[in-house]
Each structure stands twice: as C-alpha cells, then as structure tokens.
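> Got a predicted structure plus its sequence, pasted below:
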Amino acid sequence: MYDETVTADAIAIHTDTYGTEPTTVAYAPGRIEVLGNHTDYNAGTTFSCAINMGHCFCISKSDKPGVRLTAADINATTEFDPASPEPLEKKVQWANYVKGVIHYLRGFDVVVDGIDCTFLGSIPMGAGLSSSAALEVATAYAVLSYAGKEIDKIDIAKIGQRAEHEFAGCSCGLLDQFSSIYGVHHGLIHSDFRTLETYPVKLPDDVVFLMINPHVKHALAESPYNARRLSCEKAAAQLNELVDYEVGALRDIKFEDFEALKGQIDPEAAQRATHVVGEIHRVEEGVKLLSEGNLKAFGQFLFDSHETSRTAFENSCEELDVVVEAAREAGALGARLSGGGWGGSCVALVHAVDAEAICAKIIEICKTKHIAPTAEIIIPSAGAIVVK
C-alpha cells in the first residue's frame, strides 16, 4: 500500500512546475517506532513499522545542468550542483536531505545531472514519523531508477543515514531508513542494528496503532539527541572496564550485569543507559510475547518504555506525557512516545474495534489538560517502491 493521493498530487505539481510529466516516480513511507527507543545507534534491536503516509519523489530530464528541486508542500524551489560535497545554506535546509543522497550515490557510480525534481509528503512535519528518512529513501529509489542502476537496500539505508549526519546535522541511527525500506503490510519489522538483519513479525489481525500528535515542535538536529548518543557511548566504555567480556556498545551488556554495575559508572551516563538497556531487553522479550499472543504484556512494555523515556533518558515532554496517560485512561493496551522525542508524536496499541472510540476519548481527556492533539489510525504498510 502506498499513498496514491500524494503521489498523484506530486505528479500534477511537477508537471505544472516544469511543463512536463515526470518520467520517474518513487514513494517511501514514514514509520512509527513501536519499541526500541534510541537503540539503533547502540547496536541494539527495534520494533517498528512503515505507515500509510510517506513522500513521493518525481524526476524528469532538464535542458540545463544541475538539479532543480521543488518542495511542493512549501512551494519552494532551489538549485544545486550534484557534484558539490558542501551542504546548502540553512535557509534551504530542506534540500540538504536530497542533495546528500544524490551526492553519496555518486560513490556507487550513480551520477545524475540535468534533472528537475519535485517531492511531496503526506507525513505531518515534526510529528516524529520520520519524514526526513522517507524523503531520503524516496530520493534514492527515484534516482536509482532514473539512472537505471541498482544497489543493495542496506546501502540505500546507509546513504540516507549519511545524508542525515553530514548534510542535515543529526547523528541518527538506521532505524528510520530500515523501516521505510523493509516495511510489511500489517506487520512489524524487527531490526538488528549489529548484524543489519531484519525480519517481519506478524501482528494479530485485531490490533492497530494510533498516532496521536500533540503538535509540539520537533527537530532532532536542534535537540539534545547528539548529547544523548555521547552519554550512551560513555556508559558502554565504562561498563567495558567492569566485566570480563567485551562491551563495544550498550547492546553487549547483559541486563542483569547492567543492573548490578550501573552504580559504578558516571551517574548521567548510567541514567541514560538505563533507558536504552531496558529497551533492548523489552524488544527481545516482546518477540516472545507476540509469538504467544500476549498483547496485554506487550502493551505494558510500551508504557514501561515511555516511563524510562520520561525519567531516565529525559526525551519526553509534558504534552507527550499527558497523551500517554490519556491513552492509558482511554483503554489503550499500551502507549509511548515514538521516535527521537523532545516533541513529535505518541503511538498507542489498541484493538481495532475500539480504535475510533479510544481516539475520541484521548482527544477529550487531553482537551481538559489544555492540549489539542490530532489522532489517526495507522495501518502498518509495505516499504518503498518505484511507482513508474
């Protein structure tokens, strides 16, 4: 499933802007992170799913050199040299995600020039649903198709990540790109960021997710994200000195050893690591719970995850906390912030038959707390595709 409406709109806008229909169109979905918060750059594991919203990227041949790029959602156009290794100026920061992907594809002998491009997304910006990764993946799929080339999907994910790091200034892991590429209909993606292996995990037919957006400003490149990453690395290095096995990343410390030793390392590093080590443990236990059909216990893991986000990693905020408690009161099986945090959205696990009623109840409860979120039912969806 892909968003046919946003794809049709992108094609129409491209045609109107450049006077010709695009010859290449690709689409990539956003994602919700279900469990495994900030574990990807700690060589851990995650549960995520691609969603029924995403970005469409269109290309047609131009009669002039360089890349002309239109962001249809903000009606802005810029131009750049695809061979230049330098990010664009901050006022067109939105174009750096695309420029970075096109630049790093050159390392795989995928070279494009003299093209007109348009992108349009249906993902609410700043909602924590990974609009940037969807744009990066859609760009890569479109450019590869236009150039008549293929590369490994893992390399596509790494190119998107590198663009995020070096052109957009956010040291993200690979979760978002993996989710956009490997999504499956009505299933979760279990990703292992040490082996870079993924496999689908089927969800019971009678459950769906809600995405509740309290509309808090969310920009990871401007958040404490990078500082949290350094704290995790410090915790792993100090724990490595205390055990008789190698701890190259927080993935490696045994849960029981961390609980016993966390008082012997830097207090702030230990606090941050409490969340990440707990998340890795919850993901692996969650695999078993889903195989047993134990949705109640799996849902509780989502609540537990949000609690350590709030208290240990401190990447929540008042609005997200209110939404999670509203979801609990409304009867959700579980709820937590989804994505990097410091804004963005919450994800809630609910029985499909209860979804609309719980949505309405969450909004009603939040309004009594002077918060006006929007809520949507999320359909776990397939990954990126070339539309034409």
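Perfect, thanks for sending it. A quick note: this is a predicted structure, and the numbers were derived from the prediction, not measured.
> can you map out the helices along the chain?
For the chain, the helices defined by DSSP state H cover 4-18, 96-105, 131-147, 153-163, 175-182, 225-240, 255-261, 267-292, 295-308, 318-330, 355-368.
> Tell me which residues touch the closest residue to residue 376 other than its chain neighbours, please.
Spatially, and ignoring its direct neighbours in sequence, residue 376 is nearest to residue 211 (5.1 Å; Cβ to Cβ, 6 or more residues apart in numbering). To be clear about C-beta, it is placed using only N, CA and C from the backbone, and glycine gets the same treatment. Applying Cβ atoms under 8 Å, 6 or more residues apart in numbering, we find residue 211 in contact with 32, 51, 127, 129, 338, 345, 346, 347, 375, 376, 378.
> what are the bridge partners for the fifth one, then?
The residues paired with residue 338 through beta bridges, assigned by DSSP bridges, are residue 345.
> What about it, how many residues nearby?
By other Cβ atoms under 10 Å, 30 other residues sit near residue 338.
> One more: the first one?
Each residue near residue 32 was counted by other Cβ under 10 Å, and the total is 25.
> now swap in residue 90 and tell me
Using other Cβ under 10 Å, residue 90 has 8 neighbouring residues.
> again, but for residue 274
Neighbours of residue 274 (other Cβ under 10 Å): 18.
> Identify the residues contacting it.
Residue 274 touches 258, 262, 308, 312, 313, counting by Cβ under 8 Å, 6+ apart.
> show me where pLDDT drops low in the stretch 151-300 of the chain?
Filtered on pLDDT under 70, the stretch 151-300 of the chain yields the residue ranges 217-223.
> again, 50 this time
221 (pLDDT under 50).
> Local confidence estimate at residue 128?
pLDDT recorded at residue 128 is 65.
> before we move on, what about residue 89?
Predicted confidence (pLDDT) for residue 89: 87.
> Over to the one 3 residues further on?
What the model reports for residue 92 is a pLDDT of 91.
> Also the one 4 residues further on?
pLDDT, residue 96: 95.
> right, and it touches residue 170 too?
No. Under the criterion of Cβ atoms under 8 Å, residue 96 makes no contact with residue 170, lying 10.6 Å away.
> Give the residue from those two that has the larger number of neighbours.
Between residue 96 and residue 170, residue 96 has the larger neighbour count (other Cβ under 10 Å), namely 23 against 18.
> wait, what's in contact with the nearest residue to that one once chain neighbours are set aside?
In space, and not counting its chain neighbours, residue 96 is closest to residue 167: 4.1 Å by Cβ to Cβ, 6+ apart. Neighbouring residues of residue 167 by Cβ under 8 Å, 6+ apart: 87, 96, 97, 99, 100, 103.
> Would you quantify the distance from the fifth one to residue 259?
Right, residue 100. 40 Å (Cβ to Cβ, to the nearest Å).
> who's more crowded, these two?
Comparing residue 100 with residue 259 by other Cβ under 10 Å, the one with more neighbours is residue 100, at 25 against 13.
> ok, how many other residues are close to the closest residue to residue 277 other than its chain neighbours?
Spatial nearest neighbour of residue 277, chain neighbours left out: residue 258 (4.8 Å); criterion: Cβ to Cβ, 6+ apart. The number of residues packed near residue 258 is 24, by other Cβ under 10 Å.
> What separation do you get for residue 258 and residue 307?
Taking Cβ to Cβ, one finds residue 258 at 17 Å from residue 307.
> If I follow the layout properly, residue 41 ends up in contact with residue 170?
No. Contact criterion Cβ under 8 Å: residue 41 and residue 170 do not qualify, at 11.1 Å.
> Take the contacts of residue 274 and lay them out in a markdown table including distance to residue 323.
A markdown table is the format used below for the contacts of residue 274 (distance: Cβ to Cβ, whole Å):
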| residue | distance to residue 323 |
| --- | --- |
| 258 | 29 |
| 262 | 29 |
| 308 | 17 |
| 312 | 19 |
| 313 | 17 |
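> which one of those residues sits closest to residue 61?
Checking those against residue 61 with Cβ to Cβ, the nearest one is residue 313 at 47.2 Å.
> ok, the residue lying closest to residue 354 once chain neighbours are set aside to residue 373 distance?
Spatial nearest neighbour of residue 354, chain neighbours left out: residue 331 (6.4 Å); criterion: Cβ to Cβ, 6+ apart. Remark: distance between residue 331 and residue 373 (Cβ to Cβ) = 17 Å.
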